[in-house]
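Undergrad: I would like to see how this sequence folds:
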Amino acid sequence: MKASLGGFSFYQLFSEGEMDIFGYLETVKHRYRLEAVDLWNAFFTDRSVPVWKLASDDHLRKIKRSLDEKQLTVANLIVDRAHLWDPDPDVRAQLHRNALAHLHAAHLLGARTVRIDANRGPGEMTEEQFVYTVLRYREYAQIAADYGFTVGPENHTGVSLDPRWMKRIAEAVDHPGYGILLHIGRWNDTGEQGNRLV
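TA: From the prediction side, this is the model:
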């Protein structure tokens with residue numbers, strides 16, 4: 001069995017300033033004796049701005065050196081604050097730039113998969129949002145494929161909690177660089193049926 005330990009698992013310690021990215025990597029390797037991590041971008045972004053600013057390439061390379069020294073694989077990079085859709089076009093443009101920066105970071109860190117959400121919070125899917133979402137995921141999927149990983153949403157917020165929508169998006173994107181981070185059973189109203197559908 002392959003297992004990784006998610007960075008978000010240490011949310012409290014991180015939020016209280018008691019753990020940084022390097023402490024997290026040490027904990028995964030030496031306390032839990034695992035070989036893979038599920039990085040959360042909050043560990044290496046400036047969270048004082050609404051669209052979190054990514055760390056420099058130099059800092060990302062330090063993280064990569066630490067991963068390599070510990071022989072840790074980045075199973076997944078969880079990216080918050082780079083979701084695709086926002087009703088404000090200016091915010092959407094900022095989010096898009098942030099997503100591109102995180103895809104570059106995923107490449108530097110050697111990630112196997114990347115989660116970038118479709119939207120945040122509740123929201124009805126409009127046709128405009130659907131078209132935009134498909135366009136962006138196709139773009140990101142091509143970048144991911146070029147780098148050797150996959151990218152896509154997780155079913156944990158917004159419209160992604162509807163498995164019918166997730167299926168429709170996946171069929172429309174139709175790209176080998178696209179995938180879904182499946183949070184088992186986390187659907188608005190379908191449970192296991194949603195898992196099977198997706």
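Undergrad: what is the mean pLDDT for stretch 132-141?
TA: Stretch 132-141 shows a mean pLDDT of 98.
Undergrad: actually stretch 91-102, not the one I typed
TA: Mean pLDDT, stretch 91-102: 97.
Undergrad: so what's the residue nearest the centre of the chain bridging to?
TA: In the chain, the centroid-proximal residue (Cα atoms, centre = their mean) is R115; its distance is 2.3 Å. Under the criterion DSSP bridges, R115 forms beta bridges with I78, G152.
Undergrad: where does pLDDT dip in the protein?
TA: Filtered on pLDDT under 70, the chain yields the residue ranges 123, 190.
Undergrad: recalculate using a threshold of 90.
TA: Within the chain, the stretches with pLDDT under 90 are 1-5, 47-53, 120-125, 156-158, 183-186, 188-198.
Undergrad: who's in contact with the residue nearest to the centre of the chain?
TA: 76-79, 151-154, 181 (Cβ atoms under 8 Å, 6 or more residues apart in numbering). Placement of C-beta: from N, CA and C, glycine included.
Undergrad: let me have those in TSV, adding distance to L197 and neighbour count as columns.
TA: TSV is the format used below for those (distance: Cβ to Cβ, whole Å; neighbours: other Cβ atoms under 10 Å):
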residue	distance to L197	neighbour count
N76	22	24
L77	26	26
I78	23	23
V79	25	27
V151	21	30
G152	16	26
P153	15	26
E154	16	19
L181	16	20
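Undergrad: got these as CSV, with distance to R168 columns?
TA: Shown next, in CSV, are the contacts of R115 (distance: Cβ to Cβ, whole Å):
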residue, distance to R168
N76, 23
L77, 25
I78, 23
V79, 22
V151, 18
G152, 13
P153, 12
E154, 16
L181, 17
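Undergrad: so Y140 sits against N98, correct?
TA: No - using Cβ atoms under 8 Å as the test, Y140 is too far from N98 to be in contact (11.8 Å).
Undergrad: of the two, give the one with the bigger neighbour count.
TA: Using other Cβ atoms under 10 Å, the more surrounded residue of Y140 and N98 is Y140, with 26 against 22.
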